[in-house]
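A.B. asks: let's see this in three dimensions:
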Amino acid sequence: MQAKPIHSPSPYIIPPLLRPPPVHQASLSSQTITKPKLVSTPIPNTDVVVVPGRILQPVQPFMDHDDSVAASWDYNFLFMSQRSETTQPIKLRAVEGAIPTDFPSGAYYLTGPGIFKDDHGSTVHPLDGHGYLRSFTFNNATKEVKYMAKYIKTEAQVEEYDRKTDSWRFTHRGPFSVLKGGKKIGNTKVMKNVANTSVLMWGNKLLCMWEGGNPYEIESSTLDTVGKFAMTDGCVSADHRESHGGDFWEVAAKLLKPILYGIFKMPPKRLLSHYKLDSSRNRLLTVSCNAEDMLLPRSNFTFTEYDSNFKMVEKQEFKIPDHMMIHDWAFTNTHYIVFANRIKLDVLGSVEAVCGASPMISALTVNPSKSTSPIYLLPRFPNKSESKKRDWRIPLEIPSQLWLLHVGNAFEVKQAHGNLDIQILASACSYQWFNFRKLFGYNWQTRHLDPSIMNVKGENALPHLVQVSIKLDSDYNCQECDVKPIHKWKKSADFPAINPAFSGKQNRYLYSATTLGSRKSLPSFPFDTVVKFDLATNSVQTWTAGNRRFIGEPIFVPKGDDENDGYLLVVEYATSMQRCCLVILNPKEIGTKKALVARLEIPMHLNFPLGFHGFWAAS
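C.D. replies: Numbers count the residues shown, from 1 in each chain. Next comes the predicted model:
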């Protein structure tokens, strides 16, 4: 047996996987953006059980694919817990097509939460689920793909998982969750570094990253956890240290630090999980911010650049007089680009959070006071003359209100007369839809997942793809700043991706996960389609997984020097069959019947939940 069995009194798949409980709600399609209807279906106890000597067959639930009960059921399948880990690599079989003879050797790593429910009645938000790292290793010589999956042994995971009894007890609340039992008031176990958001291979180090602390280093061949990798230590720099907003906020920061660092054990620096790779300079770019900035109307950002040997070659700190939360960002040859997702302190929510009556994230809320979206252009190389041409403290203003989610790419074009054109390809949503407490439809009070929250109505409210265009004159003063949907594609979409060899360069092709909206009860999320944009010809092609099949983030695997030469990898969740597959697509054939190259099936007892972000590491 190649997977480690978990302790369970039942020799079968838990019954809720076979038939969903009845609900008494109207169809999700009748909802509006202001009042989404709740679906009372609880999170199924979908921990996957390994049964020695028993072959688990796919089950066809008796449900109509447009029924709201089926929609809730399918949605929750994406967030099932998987407690099993592989001890040895497992060879995957192709259930459709075959691995191409020219597919490069390398590994696709995908991280995300692995468990959402413990053995004592507590559930956690997907963003608080312990990191579960999956790897798909391609061998060009043998034409094989081998699969492995293990939990990242973070400090919190080691504390909350009992190896002797093979059981879990959540003790860390996490920023987005409230635990059913245990200590509420005075529970300072909040910042739960679960290393579940992104993964990176750089300088021969495999790192799993989270949004609030140092990443964890992983042994690439075994997926065993090495330990924390100190990327934020010593990041404080004197560059650009200037006082803004008065001495009051400096005093407030000094008062907050012993509380956040000492009582709540928050690291001084919060490393963002999104990094950038400068393909021209062969550099890794990261950014971190101060923990106390989450509660103050000012933001400190430390940008760090590393060469291919993980040697730090650039480091700068910028202090911006704005209260904002950044998840993703962009860069060009001359600038770091920060979108000001503006937030504010929620006083009542803060009291509830400290008392344990609501998640800690309740202390913050979005700040829609401005009808525009500020963008900060920060000089990447301060010693160059270009960095002194404009005051970087003054933001540009996009003439619409956008909450930026993910950046696909950004690049700049220098004109002959000295003007600079900057273009950013990204996904964004509206302030009215974005809600810290309800991301992924998690209801912390009932501990249920409700897909209706992710499928509200409202044009451009949900995540969608945008193209931001900025025109600067020779003195870098803004002449134009505009935003529009990419190729007028207004359907819900996220996880924009490109050929990584063109990161920071002008690219022609953009890929993203999207939905065609054919599922009445799940018109916007989860995604079921890969969309390809040709930015030169203004053409759009799509590949759809199929009925009751959903996908995660697409990843481009380069094969040659041409931008379109390579393959796309995407994980597919076939909910009707209760199967996970790794799908290989030919990007040149997106929009035709030849797009699907192969489907590689993960053994049913190793089905895994929806991943967040992945990385392709060539051999």
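
A.B. asks: isn't K414 right up against I422?
C.D. replies: No: assessed by CB atoms under 8 Å, K414 is found out of contact with I422, at 10.3 Å. From N, CA and C alone the C-beta is placed, and that goes for glycine too.

A.B. asks: these two: who's more crowded?
C.D. replies: Under the neighbour definition other CB atoms under 10 Å, K414 and I422 were set side by side, and I422 has more, 24 against 13.

A.B. asks: can you tell me the helix or strand for the more buried one?
C.D. replies: Under the criterion of DSSP states H and E, I422 resides in strand 420-429.

A.B. asks: beyond that strand, next helix or strand please.
C.D. replies: Once the chain leaves strand 420-429, the next helix or strand it forms, by DSSP H and E, is strand 442-443.

A.B. asks: which SSE is immediately downstream of that next one?
C.D. replies: strand 448-449.

A.B. asks: what's the mean pLDDT across that following strand?
C.D. replies: Averaging pLDDT along strand 448-449 gives 86.

A.B. asks: what's that strand packed up against?
C.D. replies: In terms of contacts (3 or more CB pairs under 8 Å, 6 or more residues apart in numbering; DSSP states H and E), strand 448-449 is packed against strand 442-443.

A.B. asks: so what strands line up beside the strand it packs on?
C.D. replies: strand 448-449 (antiparallel) (DSSP bridges).

A.B. asks: how deep is the closest residue to K150 other than its chain neighbours tucked in, by neighbour count?
C.D. replies: In this structure, K150 finds its nearest non-sequential neighbour in L223, 4.2 Å apart by CB to CB, 6 or more residues apart in numbering. Number of residues near L223 (other CB under 10 Å) recorded here: 21.

A.B. asks: do you know how far L223 is from M577?
C.D. replies: The gap separating L223 from M577 is 27 Å, by CB to CB, to the nearest Å.

A.B. asks: over to A363?
C.D. replies: Counting by CB to CB - A363 and M577 are separated by 42 Å.

A.B. asks: more neighbours: which of the two?
C.D. replies: Between A363 and M577, A363 has the larger neighbour count (other CB under 10 Å), namely 22 against 17.

A.B. asks: would you check that that one makes contact with I343?
C.D. replies: No: at 9.9 Å, A363 does not count as touching I343 under the criterion of CB under 8 Å.

A.B. asks: got any ranges where the stretch 1-150 of the chain has weak pLDDT?
C.D. replies: For the stretch 1-150 of the chain, residues meeting the criterion pLDDT under 70 lie at 1-66.

A.B. asks: ok, which stretches of it are helices?
C.D. replies: For the stretch 1-150 of the chain, the helices defined by DSSP state H, counting those that start in this stretch cover 68-77.

A.B. asks: continuing past the helix or strand of the chain with the lowest mean pLDDT, what's the next helix or strand?
C.D. replies: Within the chain, no helix or strand scores below helix 247-257, which has a mean of 75 by mean pLDDT, DSSP states H and E. As assigned by DSSP H and E, the chain's next helix or strand after helix 247-257 is strand 269-271.

A.B. asks: what's the mean pLDDT across that next one?
C.D. replies: For strand 269-271, mean pLDDT is 87.

A.B. asks: what's the helix or strand that that strand is followed by in contact with?
C.D. replies: Proceeding N to C from strand 269-271, the next assigned helix or strand is strand 276-278, under DSSP H and E. With contacts defined as CB atoms under 8 Å, 6 or more residues apart in numbering, strand 276-278 is touched by R283, L284, L285, T286, E305, W329, A330, F331, P500, S503, G504.

A.B. asks: what bridges to the third one?
C.D. replies: Bridge pairing for L285 (DSSP bridges) gives the partners K276, E305.
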